[in-house]
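In: fold the stuff below for me.
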Amino acid sequence: MGRQHWKKIWVGSAGNMVEWFDWFVYASFATYFAGAFFPSGNPTAQLMNTAGIFAVGFFMRPVGGWLLGRVGDRKGRKAALTLTVTLMSASAVLIAAAPTYAVAGYGGAVVLLVARLLQGLSVGGEYAASATYLTEASDPAKRGFASSFQYVSMTAGQIVGLGLLIILQRTMSDSALHSYGWRIPFVVGALGAAVIFYLRRNMLETEVYAEDTSHAEERGTLRALWQHRREAFLVIALTMGGTVAYYTYTTYLTKYLSNSAGLSKETATLVSFTALIVFACLQPLAGALSDRIGRRPLLITFAVGSTFLTVPVMTLLKHADGYWPALGLALLALVVVTGYTSINACVKAELFPTGVRALGVALPYAIANALFGGTAEYVALWFKNGGIESGFYWYVAGCAAVSLVVYVTMRETKDLDLARVKATEGTGESSLTPAS
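Out: This is a model prediction of the structure:
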C-alpha cells in the first residue's frame with residue numbers, strides 16, 4: 001500500500017475518531033450528567049431519559065444518511081466528510097454549554113436534544129462517507145485491512161473518551177464531576193473537530209470517485225438507490241445483529257457493570273477501557289484475514305458466536321465480582337463482535353456502484369442503527385426497569401440469529417472491482433465484476 005493510500009486512510013480515520021469521540025462521550029459520561037438535566041429520583045429512570053435522547057440521535061441518522069450520502073455521491077467524499085465534522089463540532093459546543101435543570105428547567109434537556117439531533121445528522125453521514133472513502137482509497141487486495149481502520153478509529157474515539165473519564169475520576173471529586181466536570185469532554189471534542197476540519201479541507205479525493213463516468217444527475221438519488229433495493233435491504237439485515245451486539249458491549253457495557261453487576265464506576269470504566277484497546281488492535285488483523293479467506297466466514301463466525309454466547313456471557317457479567325472476571329468476559333464478547341466490525345464497512349461499500357455508493361451505505365445502515373443500535377441501551381434499561389433484565393440477552397441473541405441467515409445466503413464480495421459495479425436497470429440487482 002503506497003504512501004498516498006496511507007495518507008488518505010490516516011486523514012479519514014483521524015476525523016472518524018473525533019466524530020465518534022463526541023458521539024460516545026455522551027454515553028460514557030451519562031451517569032454523571034443524567035441528574036443535571038432531569039429531576040432527582042430513580043437513577044435508572046434518569047438514565048432512561050438520557051438514553052432516550054441518545055436514541056433520538058439515532059433516529060436522525062437516516063436523515064443524515066440521506067442528506068450527507070447525497071452530498072458524498074454528488075459533490076465528493078471529501079465534501080461530505082468536511083460537512084459531517086462541522087456539524088459534530090457544533091453539537092459538542094451546545095452540550096458543553098447546556099444549562100442544567102436547576103437553572104433552566106427542562107430547557108437544558110431541550111438543548112441536549114437539539115445537540116443530539118445534530119450529532120445524529122452528522123454521524124448518519126460520517127459512517128457512510130468514511131466507509132466509502134476508506135474502501136475506495138485502498139489497494140483492491142487490501143480493502144478489508146484498510147476499511148477495518150474505520151472501527152479502529154471509532155473505537156479509538158471511545159478509548160480516548162474513556163481515558164479522559166478515568167483521568168477526571170482520579171483528579172476530580174465525584175461531586176465536581178456531577179456538577180461541571182462532565183462538560184470537559186465536550187469542550188475537548190469541539191476543539192478536536194476544529195483540527196480535523198482543517199485536515200479534511202486538504203484531503204485528497206479517491207481515484208474511484210474522481211474517475212466515475214456515471215450521469216451526474218443520477219448520482220446520490222433515491223431513484224438510483226431504488227435500482228439497488230435488494231442490496232439496500234441486505235445492508236439493513238446484515239447490520240441488525242452486528243450493531244446491537246456492538247453497542248451492547250461498548251457503549252452500554254460500562255453502565256451494565258456499574259448499574260447491574262454492582263461494580264464501582266471506576267472499575268467498570270477501566271474494564272471497558274482495557275477491553276476496547278484490545279478490540280481496536282484486533283480490527284486490522286481480522287480485516288487482513290478477510291482479504292485472504294473472504295468476508296462471509298468472519299460474518300458467519302460472529303453471528304454464530306453472538307447467537308449462542310450472548311445469554312451466558314451477559315449472565316456471567318452480571319455476577320462478575322471484580323475487574324479480571326469482567327474483563328475476561330468482555331474480551332470474549334468483543335472477539336466475537338470483531339467478525340462483524342472489522343469488515344462491515346467494506347462489505348457494504350462493495351455492494352454498490354460509485355455513483356450511489358455513499359447513499360447506498362448511508363441510508364439503509366442508518367435505518368438499521370435507528371431501529372436496533374440506537375435503541376439497544378434503552379431496550380436494555382427497559383427490560384431492567386421491568387424486572388426481566390435477562391430478556392435483553394435473548395433479544396441480542398435473536399438479532400444475531402436473524403443476521404446469521406443473511407450471512408449464510410449472501411454472495412462473497414472481496415474480489416469485486418469497485419469501478420465496475422454496475423446497475424442492472426429495473427431489476428434491483430447489481431452486476432458485480434471480480435477485480436482483475
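In: other SSEs contacting the strand or helix carrying Phe145?
Out: According to DSSP states H and E, Phe145 maps onto helix 143-147. Counting contacts by 3 or more Cβ pairs under 8 Å, 6 or more residues apart in numbering; DSSP states H and E, helix 143-147 is packed against helix 107-137, helix 265-293, helix 344-349. C-beta here means a position set from N, CA and C on the backbone, and glycine is covered the same way.
In: name the next helix or strand downstream of the last one, please.
Out: Going back to what we said before, that points to helix 344-349. Next along from helix 344-349, by DSSP H and E: helix 357-368.
In: count the residues that sit near the closest residue to Leu327 other than its chain neighbours.
Out: With Cβ to Cβ, 6 or more residues apart in numbering as the criterion, Leu327 has its nearest non-adjacent residue at 5.1 Å, and that residue is Val271. With neighbours defined by other Cβ atoms under 10 Å, the count for Val271 comes to 29.
In: all helices for the stretch 51-200 of the chain, in order.
Out: All helices of the stretch 51-200 of the chain, identified by DSSP state H, counting those that start in this stretch, fall at 61-74, 77-97, 101-104, 107-137, 143-147, 149-171, 174-179, 184-201.
In: of these, which is nearest Ala326?
Out: When the helices of the stretch 51-200 of the chain are compared by Cβ to Cβ, helix 149-171 sits nearest Ala326, at 14.3 Å.
In: the closest one vs helix 184-201, what angle?
Out: If you take axes from the mean of the first three to the mean of the last three Cα atoms, to 10 degrees, helix 149-171 sits at 150 degrees to helix 184-201.
In: next one: helix 149-171 to chain centre, how far?
Out: On the basis of Cα atoms, centre = their mean, to the nearest Å, the separation between the geometric centre of helix 149-171 and that of its chain is 14 Å.
In: and stretch 262-274, by the same measure?
Out: 21 Å.
In: again, but for stretch 331-351
Out: That offset, for stretch 331-351, works out to 11 Å (Cα atoms, centre = their mean).
In: tell me how far Val25 lies from Tyr378.
Out: 18 Å (Cβ to Cβ, to the nearest Å).
In: who has more neighbours, those two?
Out: Per other Cβ under 10 Å, whichever of Val25 and Tyr378 has more neighbours is Val25, with 25 against 21.
In: quick one: that one and Gly189 touch, right?
Out: Yes - counting by Cβ atoms under 8 Å, Val25 does reach Gly189; the two are 6.5 Å apart.
In: how many other residues sit next to the closest residue to Phe352 other than its chain neighbours?
Out: Spatially, and ignoring its direct neighbours in sequence, Phe352 is nearest to Gly360 (3.6 Å; Cβ to Cβ, 6+ apart). Gly360 has 30 neighbours, counted by other Cβ under 10 Å.
In: which ones are touching Gly360?
Out: Gly360 makes contact with Gly69, Leu225, His228, Glu231, Ala232, Val235, Lys348, Leu351, Phe352, according to Cβ atoms under 8 Å, 6 or more residues apart in numbering.
In: of these - the most surrounded one?
Out: The residue in those with the most neighbours, by other Cβ under 10 Å, is Gly69 (31 neighbours).
In: excluding its backbone neighbours, what's nearest Leu168?
Out: The shortest distance from Leu168 to any non-neighbouring residue, by Cβ to Cβ, 6+ apart, is to Gly181 (5.3 Å).
In: rewinding a little: with pLDDT added, can I get the contacts of Gly360 in JSON lines?
Out: Compiled in JSON lines, those are given as follows (pLDDT from 0 to 100):
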{"residue": "Gly69", "pLDDT": "95"}
{"residue": "Leu225", "pLDDT": "95"}
{"residue": "His228", "pLDDT": "93"}
{"residue": "Glu231", "pLDDT": "94"}
{"residue": "Ala232", "pLDDT": "95"}
{"residue": "Val235", "pLDDT": "95"}
{"residue": "Lys348", "pLDDT": "95"}
{"residue": "Leu351", "pLDDT": "93"}
{"residue": "Phe352", "pLDDT": "94"}
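In: can I get these in a markdown table including distance to Arg3?
Out: Formatted as a markdown table, the contacts of Gly360 follow (distance: Cβ to Cβ, whole Å):
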| residue | distance to Arg3 |
| --- | --- |
| Gly69 | 29 |
| Leu225 | 35 |
| His228 | 34 |
| Glu231 | 33 |
| Ala232 | 35 |
| Val235 | 32 |
| Lys348 | 27 |
| Leu351 | 29 |
| Phe352 | 28 |
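In: which of those lies closest to Met203?
Out: Set against Met203, the nearest of the contacts of Gly360 by Cβ to Cβ is Gly69 (18.2 Å).
In: list the residues that contact that closest one.
Out: Here Gly69 is in contact with Ala80, Gly125, Ala128, Ala129, Gly220, Ala358, Leu359, Gly360, Val361, Ala362, Leu363 (criterion: Cβ under 8 Å, 6+ apart).
In: do the same with Gly157
Out: Asn16, Met17, Val18, Glu19, Trp20, Phe21, Asp22, Trp23, Phe24 are the contacts of Gly157 under Cβ under 8 Å, 6+ apart.
In: can you tell me which of the helices of the stretch 51-200 of the chain comes nearest to Tyr249?
Out: helix 149-171 (11.2 Å).
In: quick one, that closest one and helix 107-137 angle?
Out: Interaxial angle, helix 149-171 versus helix 107-137 (the same axes, to 10 degrees): 140 degrees.
In: put the alpha carbons of helix 149-171 into CSV.
Out: C-alpha atoms of helix 149-171 as CSV (Å, rounded to 0.1, in the frame of the first residue of the first chain):
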residue,chain,number,x,y,z
PHE,A,149,-9.4,1.2,10.4
GLN,A,150,-12.9,2.7,10.5
TYR,A,151,-13.7,0.7,13.6
VAL,A,152,-10.1,1.2,14.8
SER,A,153,-10.8,5.0,14.7
MET,A,154,-14.3,4.6,16.1
THR,A,155,-13.0,2.6,19.0
ALA,A,156,-10.1,4.9,19.4
GLY,A,157,-12.5,7.7,19.9
GLN,A,158,-14.3,5.8,22.6
ILE,A,159,-10.9,4.8,24.2
VAL,A,160,-9.9,8.5,24.3
GLY,A,161,-13.3,9.3,25.9
LEU,A,162,-13.0,6.6,28.5
GLY,A,163,-9.3,7.5,29.1
LEU,A,164,-10.4,11.1,29.8
LEU,A,165,-13.1,9.8,32.1
ILE,A,166,-10.6,7.8,34.1
ILE,A,167,-8.3,10.8,34.4
LEU,A,168,-11.2,13.0,35.6
GLN,A,169,-12.3,10.3,38.0
ARG,A,170,-8.9,10.3,39.6
THR,A,171,-8.3,14.1,39.6
